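Trainee: fold the following and give me the result.
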Amino acid sequence: MAKFLFKLGRWSFHRKWIVILLWLVTLAGVAGAAAALQKPFSNEFSIGGTPSIDATKLLVQKFPEGGNPVNAASVTVVFAAPEGEQLADPENSAAIDRVVDHIRETLPDLTGTERFGNPVVVSPQLQQGIIDQMTAQGLPEETARDDAYNLRMLSDDGRIGYTTFTIDVASSMDVTDEHRKVVNAAMDMGREQGIEVEAGGAGFGDPITVKTTSEIIGLAIAFVVLIVTFGSLIAAGLPVLTAVIGVGIGALVIMIATAFVELNNITPVLAVMIGLAVGIDYALFILSRYRAERERMPADEAAGMAVGTAGSAVVFAGATVIIALAALTIVNIEFLTAMGLSAAFTVFVAVLVALTFIPALLGVLGDRTFRWRVPFVAGNRRRRRARPTMGNRWIRFVRRAPGLVMAVVVLSLGAMTYPVLSMELSLPSDSTSNRDTTQRKSADLMAEGFGAGVNAPFLVIVDADNVNPDAPALAPLVQAQGESVDRREAAETSSYLYTVGQLKNVGGVRHAQLIDMNADTNAAQILVTPFTGPDEQYTIQVSHALREQGEQIADATGADIGLTGLTAVQMDITERLSGAMPIYLGIVVGLAIFLLLGVFRSVMVPLVAGLGFLLSVGAAFGLTVLVWQEGLWDLVNTPAPLISFMPIFLIGVTFGLAMDYQVFLVTRMREHYINLRVKAHADPDPDVPRSVSRLDAVEESTIVGFTRGARVVTAAALIMIAVFIAFIDQPLPFIQIFGFALGVGVFFDAFFIRMALVPATMFLLGNATWWIPRWLNRLIPRMDIEGTALEKEWEERHAAELQHRKEMEKVTP
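Mentor: Okay, here's the model as predicted:
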């Protein structure tokens with residue numbers, strides 16, 4: 001592969017204008033296609049194949065007139081009177097009327113108004129209607145009053161009330177800015193008259209807004225780091241330019257894909273975040289190698305050699321990231337698969353751009369690439385004598401105390417991993433939104449006035465098609481309906497009442513009540529309200545208990561029981577992700593060890609790399625939990641459970657990036673180690689002086705390889721961290737958390753694992769570092785990502801050319 005990449009790099013150097021034009025035309029073409037074909041992104045996280053989704057399908061089948069409640073664009077408007085007052089006070093009730101009237105008169109697509117209106121008036125009417133209806137059906141008055149009370153719209157103290165309605169659109173993602181403006185204007189009217197008015201619900205989520213400042217900040221910091229690395233304004237600009245082109249193409253293709261598949265709205269954000277980071281890093285590695293090779297060969301061959309050597313490592317590292325992201329498909333979660341494949345495609349484009357666009361730009365700029373030097377950085381000042389670099393000083397310190405370095409890394413990262421034990425996961429909801437948003441304020445007011453469980457209702461669907469009329473559990477209820485009633489119809493009705501009674505006895509359930517039966521009376525809906533809110537772990541236990549109780553009810557009655565509703569759907573997604581995480585983690589770590597075995601022909605190097613990755617990702621999880629879930633030092637204003645798919649996505653991305661640094665750093669060490677072994681084999685005289693010192697081959701190669709690669713890897717890590725951390729500036733909490741988690745993950749892996757733990761273990765292991773059993777060495781395929789064969793071929797050809805030149809000089813008088 002290295003030889004092919006050498007030819008590709010040199011071809012791109014010579015055919016520079018063709019390459020540049022092709023990439024620019026591609027960028028313009030996908031931009032035009034995106035403008036013509038793009039459709040809106042979705043804000044939903046639903047997945048198929050979960051019990052709640054199956055129950056939702058059953059609900060839609062049995063109650064087709066009601067649509068899909070999970071996708072319904074429902075809105076809840078909450079009112080709160082000032083402390084010491086009640087909503088029934090004339091001025092407060094008038095303010096509510098103004099809000100309600102404005103929505104009723106001006107909101108397009110208004111529907112679902114059964115519980116819409118001034119809660120001071122509607123709530124008592126609604127409660128009395130429920131009582132009259134249920135008692136007329138022969139149910140006990142106490143049960144009727146309990147059911148009516150559970151559906152009240154006014155708090156016991158009269159200070160908090162709410163009203164609900166639905167926007168008649170296909171799903172919550174189709175709610176427009178016009179709809180939101182009407183509701184916001186209505187809320188402002190109520191606030192102006194002295195009451196608190198907030199709104200939430202699936203139909204009133206804020207539109208996803210992505211600030212471009214994150215990319216600008218990340219690129220600006222990357223540019224500064226590149227200036228320090230290369231000491232040249234021109235050279236610093238090349239990786240940034242290539243990354244922008246690569247990410248631009250990747251993001252635009254994702255927009256085109258929305259015309260054919262439904263994509264979640266954070267899919268392009270994550271793809272841009274990762275694409276920018278790797279795009280700059282890959283270009284940095286190739287450009288750095290070009291500068292080193294240019295000292296000994298012509299510009300075109302230096303470009304080819306840079307692409308053949310560093311480019312081989314880029315291809316391997318990029319392939320590792322792509323595989324890790326694409327492997328998210330094994331989790332079998334649609335939106336996560338889309339995220340992984342979209343980010344993987346963006347990385348793929350970044351690799352192609354780095355391999356071709358960088359040598360093309362080098363062909364245009366030539367030796368001007370490293371001009372416009374910045375004084376006092378990257379060696380741009382004269383020194384009387386060479387001084388050891390910071391990387392060289394650090395690696396020599398590690399050599400003197402490898403045990404201490406290893407202990408500090410393992411103990412510190414291990415300690416930071418401990419908070420993972422208390423990690424809580426959920427999907428975004430009103431209850432987990434920022435405290436300063438109207439959605440969070442509405443959820444808090446609802447919890448204050450009606451209990452936390454009002455924000456986490458479960459909907460139980462009872463399908464009585466297979467009910468057993470002779471079931472002993474139903475016998476008392478069937479007999480109570482009299483002999484004149486059809487026995488099967490009596491059994492169906494009895495199964496609903498029996499289910500309600502059993503669900504009320506489940507621990508953590510505040511109330512359960514029958515809310516609807518279909519026209520055929522063969523299915524019913526039961527509303528179950530827990531004591532706890534959607535972001536509390538106890539609510540998950542309640543959902544498990546409800547499902548277990550549902551299975552027992554099905555065994556006792558023959559009716560099929562399903563649990564659905566937005567809360568159940570989100571919990572199923574969270575649990576599916578949590579269950580898949582250990583499997584995915586095992587796959588990516590196993591993949592890392594296998595690939596690194598082929599690259600480094602060593603048992604210990606891949607093993608240390610894999611264990612180090614576990615330490616770094618564990619510490620990243622732990623610190624993220626401390627800051628974003630536990631609210632460490634009040635660094636964030638809204639501590640909440642972490643978004644459900646953050647851990648598994650973080651594992652995939654961090655794994656790929658960790659292998660980047662492992663490859664770029666350790667290949668330099670192995671390259672020098674192989675050279676020393678070849679030299680020792682060619683001239684075994686022990687008195688032959690070594691190139692650096694009298695250290696053994698492992699120690700010398702570790703020091704030399706680290707010294708050569710540390711500067712570039714440090715720059716690459718700092719750039720990646722800057723790009724990720726810049727996304728903390730985004731308005732959406734889950735994007736902020738992703739940026740933070742990826743940033744600290746790269747920090748821990750690059751500086752604690754790759755630059756400390758890995759060399760420390762090499763010094764401690766000595767010759768065992770590069771040991772591999774002969775049978776395994778024969779079994780594992782070889783991967784020459786250092787371009788050793790390419791360099792050897794060039795050196796032989798160069799030596800032959802020098803010899804030929806000398807012979808010609810002797811012949812020529």
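
Trainee: quickly find the element holding the closest residue to L241 other than its chain neighbours.
Mentor: Closest residue to L241 apart from its sequence neighbours, by CB to CB, 6 or more residues apart in numbering: L361 at 7.6 Å. All C-beta atoms are positioned from the backbone trio N, CA, C, and that covers glycine. Assessed by DSSP states H and E, L361 sits inside helix 334-365.

Trainee: report the buried residues of stretch 113-120.
Mentor: Residues 115-120 are the ones in stretch 113-120 that count as buried (16 or more other CB atoms under 10 Å).

Trainee: need those in CSV with pLDDT, can you?
Mentor: As requested, those are exported to CSV (pLDDT from 0 to 100):
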residue, pLDDT
R115, 92
F116, 94
G117, 94
N118, 96
P119, 96
V120, 95
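
Trainee: of all these, which comes closest to V478?
Mentor: R115 (33.1 Å; CB to CB).

Trainee: so the closest one sits in a strand?
Mentor: No. Using DSSP: H, G, I helix; E, B strand; the rest coil, the assignment for R115 is coil, not a strand.

Trainee: is it true that it touches V122?
Mentor: Yes. With contact defined as CB atoms under 8 Å, R115 counts as touching V122 (6.8 Å).

Trainee: anything in contact with each of the two?
Mentor: Common neighbours of R115 and V122, counting by CB atoms under 8 Å, 6 or more residues apart in numbering, are 153, 163.

Trainee: for the closest residue to V405 other than its chain neighbours, give me phi and psi.
Mentor: Excluding the flanking residues, the one nearest V405 by CB to CB, 6+ apart is A760, at 4.2 Å. Main-chain dihedrals, A760, degrees, to the nearest 10: phi -60, psi -40.

Trainee: domain assignment for the chain?
Mentor: The record's domain parsing of the chain by automatic domain parsing lists 44-207, 388-441+452-457+565-782.

Trainee: tabulate the ones you listed (JSON lines), appending distance to K3.
Mentor: JSON lines is the format used below for the domains of the chain (distance: least, CB to CB, whole Å):
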{"stretch": "domain 44-207", "distance to K3": "45"}
{"stretch": "domain 388-441+452-457+565-782", "distance to K3": "15"}
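
Trainee: related to what we said a few turns ago, following the helix holding L361, which helix or strand comes up?
Mentor: helix 390-400.

Trainee: what segments of this protein are strands?
Mentor: Remark: strands assigned in the chain by DSSP state E are 73-80, 110-111, 160-167, 196-200, 425-426, 458-463, 509-517, 523-530, 560-564, 642-643.

Trainee: could those strands go into CSV alongside mean pLDDT?
Mentor: CSV is the format used below for the strands of the chain (pLDDT from 0 to 100):
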stretch, mean pLDDT
strand 73-80, 94
strand 110-111, 91
strand 160-167, 95
strand 196-200, 95
strand 425-426, 81
strand 458-463, 93
strand 509-517, 92
strand 523-530, 94
strand 560-564, 92
strand 642-643, 84
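
Trainee: hang on, the earlier thing: mean pLDDT lowest where, among the domains of the chain?
Mentor: Comparing mean pLDDT across these, the weakest is domain 388-441+452-457+565-782, with a mean of 84.

Trainee: circling back: let me know which of the domains of the chain is tucked in deepest.
Mentor: Mean neighbours per residue, mean count of other CB atoms under 10 Å, is largest over these for domain 388-441+452-457+565-782, with a mean of 20.

Trainee: how far does it sit from the chain's center?
Mentor: 16 Å (CA atoms, centre = their mean, to the nearest Å).

Trainee: what's the span of it from first residue to last?
Mentor: End-to-end distance of domain 388-441+452-457+565-782 (CA to CA, to the nearest Å): 35 Å.

Trainee: just want the angle from the helix ranked longest in the chain to helix 334-365.
Mentor: Assignment by DSSP state H gives helix 646-682 as the longest helix of the chain. Between helix 646-682 and helix 334-365, the angle comes out at 40 degrees (axes from the mean of the first three to the mean of the last three CA atoms, to 10 degrees).

Trainee: for L477, which non-adjacent residue is closest in space?
Mentor: S494 is the one closest to L477 (CB to CB, 6+ apart), at 3.5 Å.

Trainee: same for the longest helix of the chain, what does it pack against?
Mentor: The contact analysis (3 or more CB pairs under 8 Å, 6 or more residues apart in numbering; DSSP states H and E) places helix 646-682 against helix 267-294, helix 299-326, helix 334-365, helix 566-600, helix 604-624, helix 697-725, helix 733-747, helix 758-765.

Trainee: got TSV for the ones you listed, with distance to M423 too?
Mentor: Shown next, in TSV, are these (distance: least, CB to CB, whole Å):
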stretch	distance to M423
helix 267-294	20
helix 299-326	21
helix 334-365	18
helix 566-600	9
helix 604-624	7
helix 697-725	20
helix 733-747	12
helix 758-765	27
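
Trainee: and those: which comes nearest P64?
Mentor: Minimum separation from P64 across the helices and strands packed on helix 646-682 (CB to CB) falls at helix 566-600, 19.4 Å.

Trainee: next, the angle from that closest one to helix 646-682.
Mentor: 0 degrees.

Trainee: just the angle between helix 566-600 and strand 523-530, please?
Mentor: Using the same axes, to 10 degrees: helix 566-600 against strand 523-530 is 80 degrees.

Trainee: before we move on, the earlier item: next, the contact list for the residue nearest to V405, please.
Mentor: By CB under 8 Å, 6+ apart, A760 lies in contact with 398, 402-403, 405-406, 409.

Trainee: ok, S543 touching Q570?
Mentor: No. Assessed by CB under 8 Å, S543 is found out of contact with Q570, at 10.1 Å.

Trainee: buried set for the helix holding L361?
Mentor: By neighbour count on 16+ other CB under 10 Å, the buried set for helix 334-365 is 334-363, 365.

Trainee: again, but for stretch 296-311
Mentor: Within stretch 296-311, the residues scored as buried using 16+ other CB under 10 Å are 299-311.

Trainee: now those residues as JSON lines including distance to R191?
Mentor: Compiled in JSON lines, the buried residues of stretch 296-311 are given as follows (distance: CB to CB, whole Å):
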{"residue": "A299", "distance to R191": "67"}
{"residue": "D300", "distance to R191": "69"}
{"residue": "E301", "distance to R191": "71"}
{"residue": "A302", "distance to R191": "67"}
{"residue": "A303", "distance to R191": "64"}
{"residue": "G304", "distance to R191": "67"}
{"residue": "M305", "distance to R191": "68"}
{"residue": "A306", "distance to R191": "62"}
{"residue": "V307", "distance to R191": "62"}
{"residue": "G308", "distance to R191": "66"}
{"residue": "T309", "distance to R191": "65"}
{"residue": "A310", "distance to R191": "60"}
{"residue": "G311", "distance to R191": "60"}
